[in-house]
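Participant: turn this into a structure:
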Amino acid sequence: MINILNEIAQHKLREVSEAKSKVPLEKLQQLPFYNRTCLSAKQSIAQSQNGIIAEFKRKSPSQPNINLDAKVEQVAKDYSGNGAAAISILTDQKYFGGNFNFLEQARENDTPLLCKEFIIDSYQIHQAKAHGADFILLIAALLSKSQICEFTKTAKNLGLEVLLEFHAGEEFEKLIDEVDLVGINNRDLKTFDVNLQHSIAMRNRLPKDRIVIAESGIHSVEDYKLLKQNGFDGFLIGEYFMKQEAPGQALKQFILSIHEN
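Facilitator: The predicted model follows:
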């Protein structure tokens, strides 16, 4: 099977190079959101009764038509109004139908925004800040430990929090204290297979005081409850909501179902 993660990373190198030539760092630093004070996703998730990071995405490599006509402004507004602890915005265009401008369009609320991007260059962190993000995703499988340290430092200097994602136990040697949130991807990014039990086993290897996010492949309240019972604090859910005609209402019903009985 094609290693989609490596394919995305190679494309991202070319994409970032083009972006730098079109919009140099100095121009990013002049954008209005670049100097805003970020919201704390860590605090929001810790205080939330559900810990859900509701995601906006129109498509993915495994699902080319999740919801191609969805409007980010409306979905983000509905997510925020219906109890999301944070909102994830896919900014990758080629593979996920995203855009950095989606962050700006989703910014009209007081819910922390995650820039869901395949970050391989510090320039992208400045892009996230300039377009209104509050925290960024770093993927351990894409980066060396020194890059994780460098990118985390850059993010912190800009007031952004960091979610560091793992999908295999051997990657834990790249974990550093400075990251705010630890993510475990239930979907193997190389094969796109989902295995919740594998994620639970990985969670058990982490300190109990870490705020740990279960990412991807959560398709039911039962999945949510299983992960919650096994030590996860946050739950990044996108496709389940985005497949519905009204993603925000789907989130509302999901939360109601969590608290039934």
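Participant: from what I can see residue 142 touches residue 120, true?
Facilitator: Yes: if you go by CB atoms under 8 Å, residue 142 and residue 120 touch, sitting 6.2 Å apart. No exception for glycine: its C-beta is placed from N, CA and C like everyone else's.
Participant: list residues touching both of these two?
Facilitator: When contacts are counted by CB atoms under 8 Å, 6 or more residues apart in numbering, residue 142 and residue 120 have residue 9 as shared neighbours.
Participant: okay, now the unreliable bits of the protein?
Facilitator: 1-2, 189-191, 261 (pLDDT under 70).
Participant: centroid-nearest residue for it?
Facilitator: Closest to where the C-alpha atoms of the chain average out (CA atoms, centre = their mean) is residue 116, at 4.3 Å.
Participant: quick check: it vs residue 60, distance?
Facilitator: For residue 116, the distance to residue 60 equals 11 Å [CB to CB, to the nearest Å].
Participant: give the residues shared as contacts by those two.
Facilitator: Overlap of the contact sets of residue 116 and residue 60 (by CB under 8 Å, 6+ apart) consists of residue 96.
Participant: residue contacts, residue 226?
Facilitator: 196, 200.
Participant: contact partners for residue 168?
Facilitator: Listed by CB under 8 Å, 6+ apart, the contact partners of residue 168 are 141, 188, 202.
Participant: which parts of the chain are helices?
Facilitator: With DSSP state H applied, the chain shows helices at 4-22, 25-28, 41-47, 72-81, 101-105, 122-130, 145-157, 196-203, 221-229, 239-242, 247-258, listed in chain order.
Participant: distance to residue 211 added to those helices, as CSV?
Facilitator: CSV is the format used below for those (distance: least, CB to CB, whole Å):
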stretch, distance to residue 211
helix 4-22, 24
helix 25-28, 29
helix 41-47, 6
helix 72-81, 20
helix 101-105, 22
helix 122-130, 20
helix 145-157, 15
helix 196-203, 11
helix 221-229, 13
helix 239-242, 22
helix 247-258, 19
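Participant: closest one to residue 54 among those helices?
Facilitator: Using CB to CB as the measure, helix 72-81 is the one of these that comes nearest residue 54, at 4.2 Å.
Participant: which residues touch that closest one?
Facilitator: The set of residues that contact helix 72-81 without belonging to it, under CB under 8 Å, 6+ apart, is 54, 56, 87, 89, 102, 105-106, 108-111, 113, 241-242, 246-249, 251.
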